[in-house]
Each structure stands twice: as C-alpha cells, then as structure tokens.
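1. I would like the atomic coordinates for the input below:
(2 chains)
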Protein chains: 2
Amino acid sequence: MSSNPSADEGSIVKIGVLGRGTVGSALITLLEERADVIQAETGLRPVVSGVLTRSLGNGEGIVDEADVIVELMGGLEPAERLVRRALEAGKPVVTANKQLLSRRGHELFPLASANGAALRYEAAVAGAVPIVRVLGDTLSATPVERVHGIVNGTTNYILTAMAHRGESYAEALKDAQDAGFAEADPTEDVSGSDAAAKMALLAMLAFGTWVSHEDVDFTGIDKLALEDLEFAREFDLALKLVGTAEKIGDAVSVRVHPMFLPLSHPLARVDGSYNAVTIESPHVEEITLQGPGAGGVPTASAVLGDVISVLHGADEPKHAWQTLPKAPEVLSAFYLHFDVDDEPGVLSEVAQVLGLQKISIRSVAQKGAGGAARLVMITHRAPESAMEAAIGMIGGLGFVRGEPRAIRVFDEENA
Amino acid sequence: MSSNPSADEGSIVKIGVLGRGTVGSALITLLEERADVIQAETGLRPVVSGVLTRSLGNGEGIVDEADVIVELMGGLEPAERLVRRALEAGKPVVTANKQLLSRRGHELFPLASANGAALRYEAAVAGAVPIVRVLGDTLSATPVERVHGIVNGTTNYILTAMAHRGESYAEALKDAQDAGFAEADPTEDVSGSDAAAKMALLAMLAFGTWVSHEDVDFTGIDKLALEDLEFAREFDLALKLVGTAEKIGDAVSVRVHPMFLPLSHPLARVDGSYNAVTIESPHVEEITLQGPGAGGVPTASAVLGDVISVLHGADEPKHAWQTLPKAPEVLSAFYLHFDVDDEPGVLSEVAQVLGLQKISIRSVAQKGAGGAARLVMITHRAPESAMEAAIGMIGGLGFVRGEPRAIRVFDEENA
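-> From the prediction side, this is the model:
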C-alpha cells in the first residue's frame, strides 16, 4: 500500500502523538509495553518520536518527523490543521476525534484517499468496542438496514444510577462527575450532541453516505424524570439514550433520543458507562457489540489496534461515497405523560386531539391524586411531526399542568 | 502482499467454491448480488470459477483454476487435501471448517505462512459474529485473560426451549430437529464436541498457542434435567452450555460445560440459536459480541467478509505461535444435586465427604418427598479433581439414589 510507513531506520516506525490526556498517556505506555509483540506481528517496531501537549511541543514538527500520526487532542483546531498536514504528506492518521470527523469528514476522507493515506478512527465511536472495524471492514459488503447504539457512556451511567439507585437526574449527574464519568460542564454529553457525532460516523460507515453532525436530530436526558424510570420498571422496560441510523427508502435518518426498550432488546441491559451497538441487516440478522465506551486504557487499546492495522498495510476500503438525502419523516411510537386537573372529559379531549392527528392509542392509564391526575399513554407509530403538533395542542389545553413529556418507545414495528 | 490474487483477466478474480450446501449456495448468490460493491471497494470483481458438490466437479481442477479457494465442505477429507493443495500453490483459502482447523491447524497455519497464503476462517466460529476478526486483528496486541462463549446454536436453542417452554430435553431436541436447528444425529452438537472445536480456535487466537480438539475437556447437555432449569429460574440464573478458554499462569485451559450464569452476565440472555463471545482483558475490560451462530446467509456473509479481506490484500498477522501446556488443574464452583433416602444423618455424611476433599459449601437446600429427599448444594470454588473424587464417593453411599448431578456455577471468583 502507498501509505505503508517507510521503515527508514531498519524496522523502526516513528509514531507522533498529538495530545497527552488520559488516552494519550495510556497509549504511550501501551506502545512501550507491546513493542515486542507488535514487531513480531508486523515486522515494524513502534517508537514514539514526539508528543504534543497543551504546553509543550511543536505540532507541525511532530507531524513532519513521524511516520504515523495519532491525533488525540479532540475539537476542531489545531487538530484539523495538523491532521490535514499529515494527510497531505501521505502519512497515515489514527484519530479518536469524533467532533472533527463528524464536522469535517466530507473533506478529510477524500483528502486521505487522494493522498493514499489511511485515516482510521476506531476509538472515535464507543471506545474499545470494535464497531468501526466491524462495520467498515467485516461487513463492508453487507447491506445494513439499521444501527441502534448506546454510544455515550456518561448518559448511560446517569440513567443506570437513576434506574437502579432511584437517584434524581441532578444526584446521578453529580455522582457521575464525582466518579470521573462526567465533565464539570456536562452539556456535550447530556444534550445528546456527543452521541449525535458518533451516530453520524456510524451512519457514514453503514450506508456509505456523508452525514454531518448538523444532519442528526438529538434530544438529551436532562429533561427525564424519575417517574419515567418508574414507569419503565413497572412495565419491564429500560430507558436508554438510543442513537438510531436507518435507511428509509433512498433516504437516511440519524437521530438520538431517550427511548424505552423491551428487556429482551440487546441494548436494554447495557449498564453503567458501557456502550453497545446493534447492526441489523437481512444478511446477518442482528449483530451486537458491547464493551467499555470510555476509559484511558480501553480507548488507547482501540487506538493501538488502528496503529497496528496501519502497520499491516491493508488497502483502505475505497468507499463509494454517495450523498443520500435526509429522510423527511420518521415514524415512532411514543409514551406520553400529562399532569392534568382531575375533572371529567379530560381523557376524551386529549384522545380527540390525537385522533385529529391520526395518532392511535395503544394503552392508557389515568391515576387521580387529589385535584390532580396523571395521564400516561402509549401510542402506536405515527409521524413525529404529527406527534409534535398533537403535543403542542394538548399542552395548550386549560386542564394541562406543566410541560407534557413525550418519550419514544421501541416496538416491533420499528424493530 | 504475496497472496494477493493476480487479476490476470483485467479486474476479475476467480473464486473456487468447494461445497454447495446451505452456506455454499448462499455464498454464490451473495457473490453475484454484491459483485459491483466488491469491485468498487477492492478493484477486483469476483466471479465463481468452479463449484464442487458431492456428486459433481473435480476438486483439484477447481483449486488449480481459481485465484481464491472457499472451502465449505466440512470434515477432514477431502477438505484437507484440497486446502493443502491451494496453500502449497500460495493461493488464499477461506474456510468455515472448524473440525479441520482444530485438528490440523498446527500443520495448516505454518503451511499457509510458509507459502505466503492467507488462511481465513471467520465463519468457523459463531457464524456471522465477527469474533475471529476482532480477536485476531483488532485485539492482536491486547493481552487476553479469558474468553467465554456460547458457540453452539443447536444446544442454545434446546436449552432456551427447556427454560422458556418447560420442555424436556427430548422434546426440545425434537423441536430443534423439526425447526432445522439440529441434525438427525445430533451427537456432535449435544455432546459439546462442536463447541470444543470452536473454543480451541478461539484459544489459539486469544493466546497465540496451539490448541487441538483433544486438549479440550467437554461435557454436553444431554444429561441435563428440567429440574436443573427450574433451579436456575428459582435463583435468577441462566443455564447455558459455556465454553471457556483461559490462561492460568503460563498454562492454558480450554473447556466446555453446562454452567449456571447470573442474569447480569452478558451471556445469560443470549437465547435461541444465537451465539455470543465475551473477551476479558485488563486492557479492554470486557467486550461481548453477539449474533446469529448459524444459518446460510449469515454464515455466508462471514465467508464473504473474509474473501473481501483477502482481496484487500492485508498482510497476514505473523503469529508468534508458542506451545503452552494444558493447565493441570482448574477451580470451579459447583451445583450438586443428590436424590437420597429421607433419613437422619444424610446431610452430615455428604458434608463430611466434601470436607475430606476440602470443598466448602456455600448453601444447602434439602427437600423431603415421601421416603425420598432431594439435596441441592452450591459449593465454593474447588479443584475439579477434588470435586470429581467427592462426587464419586457420595454416589457410592448407600442412601444415594440414582446418579448425582454436578453442574458448574459461574461466580465472581472465577469471573
């Protein structure tokens, strides 16, 4: 292959590491520990030739000296500039930077191809879970219909704490921060934005189409209430932040939302900071991969796997990239939760609004509590736009107290 | 790479298919359906140049004409002769033949290396689940401690029917045969021998050591009783046929036995004919892969993935094969079931025998039923040889009726 790093000093291959956070430090240790094994397997001995930290090092110089560049800085700049520099010089790049790829991939992947340079990113999605390898290589000739994923460990940790320990969202978030599973500013994770970037990358791999972060609809977990998790427990469901990438006709829909899953679904029992991805295809039915979604050593192991893959010198898959439109409409089943005045006619008015939007109801439970009542419904699948309109109208009815809550429900219809 | 098939007629690559059962037929269809995609990705267009069936075709001629050989016949001969012929000619071989590789791998893998020919076998273990790729490539530089697997779909189908529908072993076996999930002669599957072959291959990949089918201890599921599954339900356990490959010091233990798993274990909820494998490593914690373990199209998809991988022309990993001894002793916790006369002193005599073998008891339940009683115990971990000796002695006590039953129990101690 053209991007096979030249072993100009005997069998040495120089690795330039950009970024020395948790993952970067773990990688440098692993490269030293496993150098013998890697040399036995690939014929090349990796040596770290330069490390860029926040305060030390010259990024351009490190890129120019190294044979293989590992980018672990995150964010757009200066990561983008250095990755471009490496690719333009035909040097293979291994990155864990989902923000960069989901926002600049439409330029960076062609740049890599044009220069015959590998651009690998196993660690950018689901940490040590080898989903990029499996979707991109193993299943590259398999038509994929749908990918579901729990791809953000922070939110899964929080939802697990709420479900198992009965903690409120605020308590569970604080726990996650104390345990190092959530940042001081958790917005990127709890808003669903991080998961959206990862699902964009998985959609690219699954469908061979460009998907940018802006094409992904996402809702986070910060509006979920303990009541919603109690509902899940009562009806043998799990409440998870689920990313979905699916092909609908010749269009693609990529989205991230909280979702109720039946306990028999392979994602339902993925707990704590673990990640998992389910691939559905008529050819392979359903394949699920599960493992640690974060952590320095697991993520560094995924990076190391990419480095070894580069040293093996496989041809890069020549993706026949296409541009598929975003699906105009998605159908989903919903759980609806309304706090209402306990008075006659409430249920019939709500049902009437749903009927107007052609949304049919699967089940209803109404519970009085003094002057207030709680109305919980599960609907059949309906267009999300119709659901949004109906919820807006119901929210405006005089007897509705507070904000209505709507959470998607996985069912066999959208399995 | 040296084993890159020569595209001597423009971009055509000739595929010789040995065997046209369910998987072979599905593969031929997939190769035609996906030829455009494969050509776009690899630059080579696959064309089936010959098919060997039981009654038609000349195996040697097909091997000599093709650029890539796909062996789907199963069994030792004539598969071994044809695979050797291909490898000696430096031609890449893709096979799903676990019997062949687990019995002749110690000769075939070096033969492949010596001739610079790829020898790939994703479909030989767990059907469409990409465990060979993940263990052999992605995690090739990751030190693996232990692999657990449900790698036989037939037995998992039978155990699921017993657990969920309360069927006896004989009824569930008949169901599996009617549904096409078990052969008319099910011995290879229900004895654990098929799973043993697959675990030998996984142990080779995980530990880089030769493991032959003869090195694997295995027990099947044909002695399990509905009572054992009722016990599982009562104590929130799953009863599965579990393969284990683990490194114990500088030795390796590979074995297949029925095992009680806690419901929180990733393998506990793998039902029906699905397979799953869990990889444990200090570097990646625990990664689980799950999917269909059999079926023509899923298995053919795994074969196709190997063919594409060969066309990409990656270097084959140069395994630093070693020969690790078989671990002399394995520790396991056990569930013990004795039908006994309901008379005083029974429990104390049984406990005394266990004490002699230094086996400590975690819990005991004794239930009288007329003149008979049932004694069920869970032990702590103990050497399996001590357990075997104790069970032999207890079986010889005058008050014990019928055969004692002993089933391994997964616990945190051997997690």
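2. thinking A:Lys198 is in contact with A:Tyr121, fair?
-> No - counting by Cβ atoms under 8 Å, A:Lys198 does not reach A:Tyr121; the two are 10.3 Å apart. Where C-beta positions appear, they are placed from N, C-alpha and C, glycine not excepted.
3. Are there residues contacting both of these two? Which ones?
-> Counting by Cβ atoms under 8 Å, 6 or more residues apart in numbering or on different chains, the shared contacts of A:Lys198 and A:Tyr121 are A:Lys98.
4. At which residues are the helices of chain A located?
-> Along chain A, counting by DSSP state H, helices occupy A:22-33, A:35-42, A:59-65, A:79-88, A:98-114, A:131-133, A:153-165, A:169-178, A:187-190, A:193-207, A:226-234, A:296-312, A:346-356, A:384-395.
5. Of these, which is nearest B:Gly180?
-> Smallest distance to B:Gly180 across the helices of chain A (Cβ to Cβ): 29.9 Å, for helix A:193-207.
6. still on that earlier bit, can you put the helices of chain A in CSV and add mean pLDDT?
-> As requested, the helices of chain A are arranged in CSV below (pLDDT from 0 to 100):
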stretch, mean pLDDT
helix A:22-33, 95
helix A:35-42, 90
helix A:59-65, 96
helix A:79-88, 97
helix A:98-114, 93
helix A:131-133, 92
helix A:153-165, 96
helix A:169-178, 95
helix A:187-190, 96
helix A:193-207, 95
helix A:226-234, 90
helix A:296-312, 93
helix A:346-356, 94
helix A:384-395, 95
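7. Now these in CSV, please, with extra columns for mean neighbour count.
-> Output for the helices of chain A, formatted as CSV (neighbours: other Cβ atoms under 10 Å in any protein chain shown):
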stretch, mean neighbour count
helix A:22-33, 20
helix A:35-42, 18
helix A:59-65, 17
helix A:79-88, 20
helix A:98-114, 19
helix A:131-133, 25
helix A:153-165, 23
helix A:169-178, 17
helix A:187-190, 20
helix A:193-207, 27
helix A:226-234, 17
helix A:296-312, 26
helix A:346-356, 16
helix A:384-395, 17
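8. For stretch A:373-393, give me every contacting residue.
-> Outside stretch A:373-393, the residues that touch it by Cβ under 8 Å, 6+ apart are A:231, A:329-342, A:346-347, A:350, A:353-354, A:356-367, A:404, A:406, A:409, A:411, A:413-414.
9. okay, it in CSV with CA atoms only?
-> What follows is stretch A:373-393, C-alpha atoms only, in CSV (Å, rounded to 0.1, in the frame of the first residue of the first chain):
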residue,chain,number,x,y,z
ALA,A,373,-54.4,13.4,37.8
ARG,A,374,-51.7,11.8,35.7
LEU,A,375,-52.5,10.6,32.3
VAL,A,376,-50.0,8.2,30.7
MET,A,377,-50.4,6.8,27.2
ILE,A,378,-48.6,4.6,24.8
THR,A,379,-49.3,5.3,21.1
HIS,A,380,-48.8,3.3,18.0
ARG,A,381,-46.3,4.5,15.5
ALA,A,382,-47.1,7.9,13.9
PRO,A,383,-45.2,10.6,12.1
GLU,A,384,-43.0,12.5,14.5
SER,A,385,-44.3,15.8,13.1
ALA,A,386,-47.9,14.8,13.8
MET,A,387,-46.9,13.8,17.3
GLU,A,388,-45.2,17.1,17.9
ALA,A,389,-48.2,19.0,16.7
ALA,A,390,-50.5,17.0,18.9
ILE,A,391,-48.4,17.5,22.0
GLY,A,392,-48.3,21.2,21.3
MET,A,393,-52.1,21.4,21.1
